[in-house]
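Q: make a model of this:
(one chain, ligands or ions: 1)
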Amino acid sequence: MVKVKIKRKNLTTGGEKKNWITWKWIVIGPLIAVLLATSLYPWLHSLQLSFHRSSCRCSQDSLKYTGIVEDCCCDYETVDSLNGDVLHPLLQELVKTSFFRYIKINSDLNCPFWLDDGKCRSPDDCRLLYEFPEYFKTPSLHVVPTNDLICQEGKPEAAFDPWTNDDETYKDIILDLQLNPERHTGYSGPSARRVWDAVYSQICPEYSSGNSCPEKKVLYRLMSGLHSSISVHIATEYLLDEKTSERGANLQLMYDRVLNHPERVQNLYFTFLFVLGAITKAGPCLEEAQYDSGNRTKDLKVHSLIRKLLHNPKLQAVCPLSFDEAKLWQGQSGPEVKQQIQNQIRNISVLMGCVGCDTCRLWGKLQVLGLGTALKILFSVDDQKQPHQPMQLQLQRNEVIALMNLFNRLSESIKSVADMGYSAATDALVLEHPVRGVILIQRPREPWVDHW
Ligand SMILES: Cc1cc2nc3c(=O)[nH]c(=O)nc-3n(C[C@H](O)[C@H](O)[C@H](O)COP(=O)(O)OP(=O)(O)OC[C@H]3O[C@@H](n4cnc5c(N)ncnc54)[C@H](O)[C@@H]3O)c2cc1C
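A: Here you go, the predicted model:
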């Protein structure tokens, strides 16, 4: 009896112990896991970032629009979420500020190559609306140099290395970009075609004989990305009814001109990341700049928005390097490449004067100036090879305005493409049409600048 009792007692005690141990692990286990995760997170995160920085690999196996953007360090999904959550809202606010919404341009917008024969469907959409804000009479950007970076925006020396020859000195028309949006104007036909052909032939001489660019030239990808973005804006703000001036989405056009061409979508994302990379590199300079619009409160707001953009934690965490520069130039960098690209972008800027619709020409010029500025920044930063040599980055006010407005336009296009729910994982593209309901479409298998 005693033995049995003892055994029972032992058995009971052992069971309790087991239960206790089980309960202990149920309670303590997750706590330990949380503690471990918290302490290891920074290390794992930095490991992941350093992997990102050093490898920057593009997954060749991944489906288009779901893998890494070619030669870049961010995947499509990351770009979409970063743009939608952070960049797009900030940029929308930024371009509405007095400093960024006005641009000074040269009144002499002639085409030196051929007589302009372009026409818009609706003349109203081509005509520019003018504004003249007081602050343009005051001097442009003032910049305080930092320790290791000399930013000389708006100073006369800046005119020594213009990438597009859009020297502010000769501009005498001030335009409100918010009053003159880039959208469908009906400008098309041989005139528009001739300009696009001339742009691509400028970059790839083979283009005029019906061949595509043999190599993936950076400038070709940038212009193609800009072309995609313009087409997206035409499609999203299409003039549906001339009589009522009703505007809305033309999804078929969006699909035909952009979404149906994977290369064009890729180039759009590439251009967006390229410009983001330039803005990030010019960060210290952009942060130091004094954005002078004559209204101190509004200027402080601009400064705060710029800071929010540059120091956004999400941007720093998920996309610290937007593209892989070494991979991009593939050993082509150096003075010759810089000179060649600089000449090409200058010629493209001049070609923009041949666009036969005022609004389209304004945005064409502005965005090419923005691309020229991005290239100028990246090459300026690249020039800084010798240690202890302060970097010279000279930006004019128009260049900064063009850069940010270009970035905003690209951001809008990326958002439109993402909002369409276009996914390479599906074989069909389902588009919501505001008037005609849902359409199901089968997806196929497959200044550096001169005159204004
Ligand atoms: C600088 C510029 C700005 C313009 N801005 C406006 C505007 O704001 N509003 C407006 O309504 N119209 C604008 N247009 C006109 C517009 O871009 C088109 O040219 C027009 O709508 C006719 O289109 P399309 O179908 O003939 O093809 P286009 O867009 O003219 O394309 C011509 C050819 O270029 C190739 N191509 C097209 N897209 C790409 C790409 N992303 N990458 C590489 N190759 C490509 C194709 O072979 C295509 O056939 C602009 C034109 C130019 C040159």
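Q: got the contact list for Leu309?
A: 87, 90-91, 94, 279, 315 (Cβ atoms under 8 Å, 6 or more residues apart in numbering). No exception for glycine: its C-beta is placed from N, CA and C like everyone else's.
Q: now do Val199
A: Counting by Cβ under 8 Å, 6+ apart, Val199 has contacts 223, 348, 351.
Q: change it to 10 Å
A: Under the criterion of Cβ atoms under 10 Å, 6 or more residues apart in numbering, the neighbours of Val199 are 207, 219-220, 223-224, 226-227, 344, 347-348, 351-352, 354, 364, 368.
Q: per-residue pLDDT, Lys3?
A: We have a pLDDT of 39 for Lys3.
Q: re the thing from before, who wins for most neighbours among the contacts of Leu309?
A: The most neighbours of any of the contacts of Leu309, using other Cβ atoms under 10 Å, belong to Leu87, which has 26 neighbours.
Q: returning to that earlier point: ok, and of the contacts of Val199, which contact the ligand?
A: Among the contacts of Val199, the ones lying near the ligand by Cβ under 6 Å from any ligand atom are 224, 227, 352, 364.
Q: surely the last one is within a helix?
A: So that's Gly364. Yes. Under DSSP: H, G, I helix; E, B strand; the rest coil, Gly364 falls within a helix.
Q: hang on, Cys285 packs against Glu399?
A: No. Contact criterion Cβ atoms under 10 Å: Cys285 and Glu399 do not qualify, at 11.1 Å.
Q: so between these two, which is more surrounded?
A: The neighbour count for Cys285 versus Glu399, taken as other Cβ under 10 Å, is higher for Glu399 (30 against 25).
Q: phi and psi next, for the more buried one.
A: Dihedral angles of Glu399 (phi, psi; degrees, to the nearest 10) stand at phi -70, psi -40.
Q: repeat that for Gln178.
A: The phi/psi pair for Gln178 (degrees, to the nearest 10) is phi -70, psi -30.
Q: how far away is it from Val95?
A: Distance, Gln178 to Val95, using Cβ to Cβ, to the nearest Å: 7 Å.
Q: interface residues of the stretch 101-250 of the chain facing the ligand?
A: Going by Cβ under 6 Å from any ligand atom, the residues of the stretch 101-250 of the chain near the ligand are 182, 184-188, 192-193, 195-196, 224, 227-228, 230-231, 234.
Q: how about 8 Å then?
A: Within the stretch 101-250 of the chain, the positions near the ligand by Cβ under 8 Å from any ligand atom are 120, 125, 182-189, 192-193, 195-197, 199-200, 220, 223-228, 230-231, 233-234.
Q: restricted to helices, list those residues.
A: Cross-referencing those against helices under DSSP state H gives 125, 192-193, 195-197, 199-200, 220, 223-228, 230-231, 233-234.
Q: how about the strand or helix carrying Val275, does it reach the ligand?
A: Using DSSP states H and E, Val275 maps to helix 262-281. Yes. Legend: contact between helix 262-281 and the ligand by Cβ under 8 Å from any ligand atom is shown at 263-264, 267-268.
Q: which neighbouring elements make contact with that helix?
A: Applying 3 or more Cβ pairs under 10 Å, 6 or more residues apart in numbering; DSSP states H and E, we find helix 262-281 packed against helix 76-82, helix 218-236, helix 296-310, helix 313-318, helix 325-329, helix 358-383, helix 397-419.
Q: tell me the helix or strand right after it.
A: helix 283-288.
Q: using PDB, write out every CA atom in that next one.
A: C-alpha atoms of helix 283-288 as PDB (Å, rounded to 0.1, in the frame of the first residue of the first chain):
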ATOM      1  CA  GLY A 283      20.900  65.200 -51.100                       C
ATOM      2  CA  PRO A 284      23.400  67.300 -49.000                       C
ATOM      3  CA  CYS A 285      23.300  70.000 -51.700                       C
ATOM      4  CA  LEU A 286      19.500  70.000 -51.900                       C
ATOM      5  CA  GLU A 287      19.200  70.100 -48.200                       C
ATOM      6  CA  GLU A 288      21.600  73.000 -47.800                       C
END
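Q: so Asp292 sits in a helix?
A: No. In this structure, Asp292 is coil, not part of a helix, as judged by three-state DSSP.
Q: so it makes contact with Asp299?
A: Yes. Between Asp292 and Asp299 there is a contact under Cβ under 10 Å: 6.2 Å.
Q: tell me which parts of the stretch 301-450 of the chain are close to the ligand?
A: 352, 355, 357, 359-361, 363-364, 368.
Q: among these, which one has the most neighbours?
A: Within these, neighbour counts (other Cβ under 10 Å) peak at Val368, which reaches 29 neighbours.
Q: where's the dip in pLDDT among the ones next to the ligand among the contacts of Val199?
A: Met352 (92).
Q: distance check, that residue against Ile68.
A: From Met352 to Ile68 the distance is 32 Å (Cβ to Cβ).
Q: burial measure for the nearest residue to Gln266 once chain neighbours are set aside, as a count.
A: Leaving out its chain neighbours, the residue that sits closest to Gln266 by Cβ to Cβ, 6 or more residues apart in numbering is Glu70, at 6.1 Å. Look at Glu70: counted by other Cβ under 10 Å, it has 20 neighbours.
Q: how close does Glu70 sit to Lys217?
A: 13 Å.
Q: and what of Lys96?
A: 35 Å.
Q: quick one: which of those two has more around it?
A: Lys217 (17 against 12).
Q: which residues does the more buried one contact?
A: 203-204, 223-224, 332, 340-341, 344.
Q: got the CA positions of stretch 224-244 in PDB?
A: The C-alpha coordinates for stretch 224-244 follow below in PDB (Å, rounded to 0.1, in the frame of the first residue of the first chain):
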ATOM      1  CA  SER A 224      12.200  55.500 -73.500                       C
ATOM      2  CA  GLY A 225      11.200  55.700 -69.800                       C
ATOM      3  CA  LEU A 226      10.300  59.400 -70.200                       C
ATOM      4  CA  HIS A 227       8.300  58.500 -73.400                       C
ATOM      5  CA  SER A 228       6.400  55.800 -71.400                       C
ATOM      6  CA  SER A 229       5.700  58.400 -68.700                       C
ATOM      7  CA  ILE A 230       4.300  60.900 -71.200                       C
ATOM      8  CA  SER A 231       2.100  58.200 -72.800                       C
ATOM      9  CA  VAL A 232       0.800  57.200 -69.300                       C
ATOM     10  CA  HIS A 233      -0.200  60.900 -68.700                       C
ATOM     11  CA  ILE A 234      -1.900  61.100 -72.100                       C
ATOM     12  CA  ALA A 235      -3.800  57.900 -71.200                       C
ATOM     13  CA  THR A 236      -4.800  58.900 -67.700                       C
ATOM     14  CA  GLU A 237      -5.900  62.400 -68.600                       C
ATOM     15  CA  TYR A 238      -7.400  61.700 -72.000                       C
ATOM     16  CA  LEU A 239      -9.800  64.200 -73.600                       C
ATOM     17  CA  LEU A 240     -12.900  62.000 -73.800                       C
ATOM     18  CA  ASP A 241     -15.300  64.600 -75.000                       C
ATOM     19  CA  GLU A 242     -14.100  67.700 -76.800                       C
ATOM     20  CA  LYS A 243     -17.500  69.500 -76.400                       C
ATOM     21  CA  THR A 244     -17.700  69.100 -72.700                       C
END
